[in-house]
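1. Here is the input, now give the coordinates:
(2 chains)
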Amino acid sequence: MRPLVSIVMLGLAMAVLPLHAQDIPAHDRLSGFEMMGADVQAMQRDDFSNPAMLSVREGEQLWSRAPAQGKKSCQGCHHDVATSMTGVAARYPAFDAGSNRPIDLAGRIQQCQTERQGVQAAPRESALLLALQALVALQSRGMPIAATADPRLAAARERGQALFNQRFGQLNLSCAQCHNQNWGKSLGGTRIPQGHPTGYPIFRMEWQAVGSLQRRLRNCLTGVRAEPFAPGSPELIEIELYLMQRSAGMAMDAPAVRP
Amino acid sequence: MATANVLIPRSVIRKGDIVTLKAIIAHPMETGFRRTETGGEIPRNIIRHVSCHYDGVEVFSCDFHPSISANPFLAFTTIATKTGPVSFIWTGDNGFRHVETAIMNVTD
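-> Numbers count the residues shown, from 1 in each chain, chains lettered A, B, ... in the order given. From the prediction side, this is the model:
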């Protein structure tokens, strides 16, 4: 139970630190890619060995396939994905006028499925939705994260920032305590990254599967033994909004590989 | 149907060259040793056997067992003989079977 002991010890060490952790200065920012080992980097860099690219390939097939007889495919409306979806993932979550709320990329795709294709939306974390997310995210590869300046998102983003600084769970730790104050240190066998959302969806070795940013965030919450926010919940989208602003300007590397 | 990829080097291949072939396939490789959150067994679902056929000959084969990673990746070398299909065949639990073929172009 060594990792557990070290988590608790880290918790104790952090208990004396100030509540509002300082942001990481721009010149110290490192993506998850830059902080991981050379072997995993090599796996991500080579599209053939990156397992998330299999998900992209599945997404390509889904893109042009009509979901049912008489229904339009994604391509039917959006044409070539490489043109219509360039840079889209880099500027999500966005404001959805219909629901008067922020919406993330997965939510937007589900919206197209229900409202525009007239089919049932694929559930979050399903292979189908992740494949479409991966395909759309790939079209922003190398582009800087561009958190939108839409004033209608400001309140939600602020709530996201507050959540980022709030302590959670039995270990009573905030996101900021790990990702702003203790990045680079070891937590059990892993190095704490800075928590930049550049690569989602990712293939994570520990999951042995492709997963979304929300799955990653839920993992961090269960890691501090908190009840995680539900998939698709407003809180997770608010956190994502804040994370995208916090990492604005960093290059997207989706779909990434993470340990 | 699974998604798989076979990679043959894009450089010019001459007869007699040693060529590295690579293949990857989307598969969960569920070990059968894991349980759900409520304690239920997750049944085993793995690929059991992979073979590669080139120029009418089986040039590579192997058995897979539990605890091989999801989306297994293979790389091995063979000797180029003549232009022809390189076919990978994966078979496994629950009647799983997938064939992926790419053409190796060989110049004399």
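2. Would you mind measuring from the residue nearest the centre of chain A to residue A:31?
-> Centroid check for chain A by C-alpha atoms, centre = their mean gives residue A:213 as the closest residue, at 2.7 Å. According to C-beta to C-beta, to the nearest Å, residue A:213 and residue A:31 sit 14 Å apart. For every residue, glycine as well, the C-beta is placed using N, CA and C.
3. you'd agree the residue nearest to the centre of chain A is up against residue A:240?
-> Yes. If you go by C-beta atoms under 8 Å, residue A:213 and residue A:240 touch, sitting 6.0 Å apart.
4. Next to chain B, which bits of chain A? Give me the list.
-> Applying C-beta under 8 Å from any C-beta of the partner chain, one finds that chain A approaches chain B through A:48-49, A:51, A:53-55, A:57-58, A:61, A:203, A:205, A:208-209.
5. Check residue 7 and give its pLDDT.
-> Assuming you mean chain A. At residue A:7, the model reports a pLDDT of 52.
6. looking at chain B here, not the other one
-> Residue-level pLDDT assigned to residue B:7 equals 95.
7. Need the nearest residue in space to it, chain neighbours excluded.
-> Leaving aside its chain neighbours, residue B:7 sits nearest to residue B:22 (4.2 Å; criterion: C-beta to C-beta, 6 or more residues apart in numbering or on different chains).
8. again with residue B:42
-> residue B:34 (4.8 Å).
9. Chain A versus the one you found, what's the distance?
-> Distance, residue B:34 to chain A, by C-beta to the nearest C-beta, to the nearest Å: 10 Å.
10. how many neighbours does the closest residue to the residue nearest to the centre of chain A other than its chain neighbours have?
-> Excluding the flanking residues, the one nearest residue A:213 by C-beta to C-beta, 6+ apart is residue A:200, at 4.1 Å. Number of residues near residue A:200 (other C-beta atoms under 10 Å in any protein chain shown) recorded here: 30.
11. what about residue A:200, which SS state?
-> Assigned with DSSP: H, G, I helix; E, B strand; the rest coil, residue A:200 falls in the coil class.
12. about what we covered before: could you pick out the buried ones from the residues of chain A next to chain B?
-> Buried members of these, scored by 16 or more other C-beta atoms under 10 Å in any protein chain shown, are A:49, A:51, A:53, A:54, A:55, A:57, A:58, A:203, A:208, A:209.
13. Give the residues shared as contacts by residue A:213 and residue A:240.
-> Counting by C-beta atoms under 8 Å, 6 or more residues apart in numbering or on different chains, the common neighbours of residue A:213 and residue A:240 are residue A:197.
14. just to revisit the earlier point, okay, the residue nearest to residue B:42 and residue B:66: tell me how far apart.
-> 10 Å.
15. Show the subsequent helix or strand relative to the helix or strand where residue B:102 lies.
-> Per DSSP states H and E: residue B:102 is located in strand B:96-104. Proceeding N to C from strand B:96-104, the next assigned helix or strand is strand B:106-107, under DSSP H and E.
16. how far out from the middle of the chain is that following strand?
-> Offset of strand B:106-107 from its chain centre (C-alpha atoms, centre = their mean, to the nearest Å): 23 Å.
17. what pLDDT, on average, does that strand get?
-> Here the average pLDDT along strand B:106-107 is 94.
18. Kindly report the same for stretch A:157-164.
-> 97.
19. again, but for stretch A:189-201
-> 96.
20. where does the residue in the stretch 101-250 of chain A that chain B sits nearest to land on pLDDT?
-> Nearest to chain B, among the residues of the stretch 101-250 of chain A, is residue A:208, at 3.9 Å (C-beta to the nearest C-beta). On the pLDDT scale, residue A:208 is placed at 93.
21. Disregarding flanking residues, what is the spatial nearest neighbour of it?
-> Nearest to residue A:208 is residue B:70, by C-beta to C-beta, 6+ apart, at 3.9 Å.
22. Is the one you found within a helix or a strand, and which one?
-> Residue B:70 belongs to no helix or strand, assigned by DSSP H and E.
23. That one contacts residue A:210, correct?
-> No. The criterion here is C-beta under 8 Å, and residue B:70 misses it with residue A:210 at 9.6 Å.
24. who has more neighbours, those two?
-> Remark: of residue B:70 and residue A:210, residue A:210 carries more neighbours, 29 against 19, as counted by other C-beta under 10 Å.
25. give me the element the more buried one is part of.
-> Per DSSP H and E: strand A:209-211 holds residue A:210.
26. who does that strand touch, helix- and strand-wise?
-> In this structure, strand A:209-211 packs against helix A:127-138, strand A:202-204, with contacts taken as 3 or more C-beta pairs under 8 Å, 6 or more residues apart in numbering or on different chains; DSSP states H and E.
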